[in-house]
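Participant: Predicted structure and sequence below. I'll ask about it afterward.
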Amino acid sequence: MHISNDIKYIGVNDHEIDLFEGQYDVPNGMAYNSYAIIDEKIAIMDSVDARFTHQWLDNIQNAIGDRKPDYLVVHHMEPDHSANIHRFAKAYPEAKIVSSSKAFAMMKGFFGTDFAENRIIVGEGDTLPLGRHTLTFVTAPMVHWPEVIVSYDSADKVLFSADGFGKFGALDIDEDWACEARRYYIGIVGKYGAQVQNLLKKAANLDIQTICPLHGPVLTENLDYYIGLYNTWSSYKAETEGIAIAYTSVYGNTKEAVLQLAEKLKEKGCPKVAVNDLARCDMAEAVEDAFRYSKTVLATTTYNADIFPFMREFINHLTERNFQNRTVAFIENGSWAPMAAKIMKGMLENCKNLTYADTTVKLLSALSEDSTAQLNSLADELCKDYSAQ
């Protein structure tokens, strides 16, 4: 794949992986992206996962022919991108390794060496001239590791964005970008919205025509759309008007209340209702919905004087990622001492700018006239901003 006349794609597709980072389901695999800038000097941009060493080295040779690379630029030290630094250094002992000072400290931990004899340390504003192309480096600490840098090629106006603008899925699969990019961003980068905002402000001063991420497709068109989504996600704003419902149910009564609420919301004109059974769904998908939509309903049972474990896990995922700027409502169930709503609200107490619905639905085992009336009131409250279509 040619990114431009001088930039070639040399990454790999992984269809063997089932869980990315040991927790994210990736039914369409992953791409580990690497690039070669072929100029008077040759720069290889990042490596790939350790399981694809030989394919990657072959890709380099196929891209550059009889020449040898002058540099390996390391933007990010997670092993899916850095695992082959040591093997590259052995294959090309005269090449320089270019990265941040924190990255070289991490290399010592990963490989037992920080390549002191063969390294170039770069920071904010430093440049690497290759001939027609010059790379300018921009620091991006905690997007989403502390050592991260990105680089900008002024000749072809390409941003090498590290894990920014990445997504789940191999490149030989045709799928919607936003869905898997959103799940990727919220799950992996979502905690660091402030740092992403800082990077976006720096990027706003660059004339970017192509974005080359470390995962997912190279982006060449409608860049305002992708950058706009990143701005929305990293500022913790709702992307879509709608209601995400996340629930657990032991004997089906809480589920019945949730399903009735979902129907009432649709009848009253809510533009989107997403329902997730936390015991059965992909947890990352449920978390994605909570961050995507403007309102969230949490429904669970009192369990061992606490809340059902899947709901506790779900709320932990939300708070770890700085859940904020949303309307939240509760449905609780308890046969003799319901306390789930109090516990859930307590878990969210450090979240910023949450507005709580006035109505909390309380089930004493099963739906009754009182709790059904509460469901109606909650539906009215949540839908007061929507009109039926």
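Facilitator: Arrived safely, thanks for sending. Numbering: from 1, shown residues only.

Participant: only C-alpha atoms for contact and neighbour calcs from this point on.
Facilitator: Will do.

Participant: what residues are up against residue 53?
Facilitator: Listed by CA atoms under 8 Å, 6 or more residues apart in numbering, the contact partners of residue 53 are 84, 87.

Participant: Got the phi and psi for it?
Facilitator: Per-residue torsions, residue 53: phi -50, psi -50 (degrees, to the nearest 10).

Participant: In the sheet, which strands lie alongside the helix or strand hosting residue 298, parallel or antiparallel?
Facilitator: Assessed by DSSP states H and E, residue 298 sits inside strand 293-303. Strand 293-303 has the following sheet partners, assigned by DSSP bridges: strand 240-247 (parallel), strand 306-307 (antiparallel), strand 326-333 (parallel).

Participant: Check the burial of residue 336 by counting its neighbours.
Facilitator: Residue 336 sits with 10 neighbouring residues when counted by other CA atoms under 10 Å.

Participant: let me fix that: residue 150
Facilitator: Residues near residue 150, counting by other CA under 10 Å: 28.

Participant: quick one: the strands in the stretch 1-150 of the chain?
Facilitator: Secondary structure of the stretch 1-150 of the chain (DSSP state E, counting those that start in this stretch): strands located at 7-9, 12-14, 19-20, 24-25, 30-32, 35-38, 42-45, 71-73, 96-99, 119-121, 127-129, 134-139, 149-153.

Participant: can you put these in TSV and add mean pLDDT and distance to residue 209?
Facilitator: Converted to TSV, the strands of the stretch 1-150 of the chain look like this (pLDDT from 0 to 100; distance: least, CA to CA, whole Å):
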stretch	mean pLDDT	distance to residue 209
strand 7-9	98	14
strand 12-14	98	23
strand 19-20	96	29
strand 24-25	96	30
strand 30-32	98	21
strand 35-38	98	16
strand 42-45	98	18
strand 71-73	98	21
strand 96-99	98	24
strand 119-121	98	27
strand 127-129	98	19
strand 134-139	98	15
strand 149-153	98	10
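
Participant: Could you export these to CSV, including columns for distance to residue 330?
Facilitator: CSV is the format used below for these (distance: least, CA to CA, whole Å):
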stretch, distance to residue 330
strand 7-9, 49
strand 12-14, 41
strand 19-20, 32
strand 24-25, 27
strand 30-32, 37
strand 35-38, 48
strand 42-45, 48
strand 71-73, 49
strand 96-99, 48
strand 119-121, 51
strand 127-129, 53
strand 134-139, 42
strand 149-153, 42
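
Participant: Compare the ones you listed and give me the one nearest residue 247.
Facilitator: Nearest of the strands of the stretch 1-150 of the chain to residue 247, taken as CA to CA: strand 24-25 at 20.2 Å.

Participant: what's next to that closest one, contact-wise?
Facilitator: 18-19, 282, 284.

Participant: Also stretch 272-292?
Facilitator: Here stretch 272-292 makes contact (CA under 8 Å, 6+ apart) with 24-25, 182-183, 186-187, 233, 236, 238-248, 262, 265-266, 296, 310-311, 314, 317-318, 323.

Participant: what comes up buried for that stretch?
Facilitator: The neighbour-count check on stretch 272-292 (16 or more other CA atoms under 10 Å) flags 273, 275-279, 283-292 as buried.
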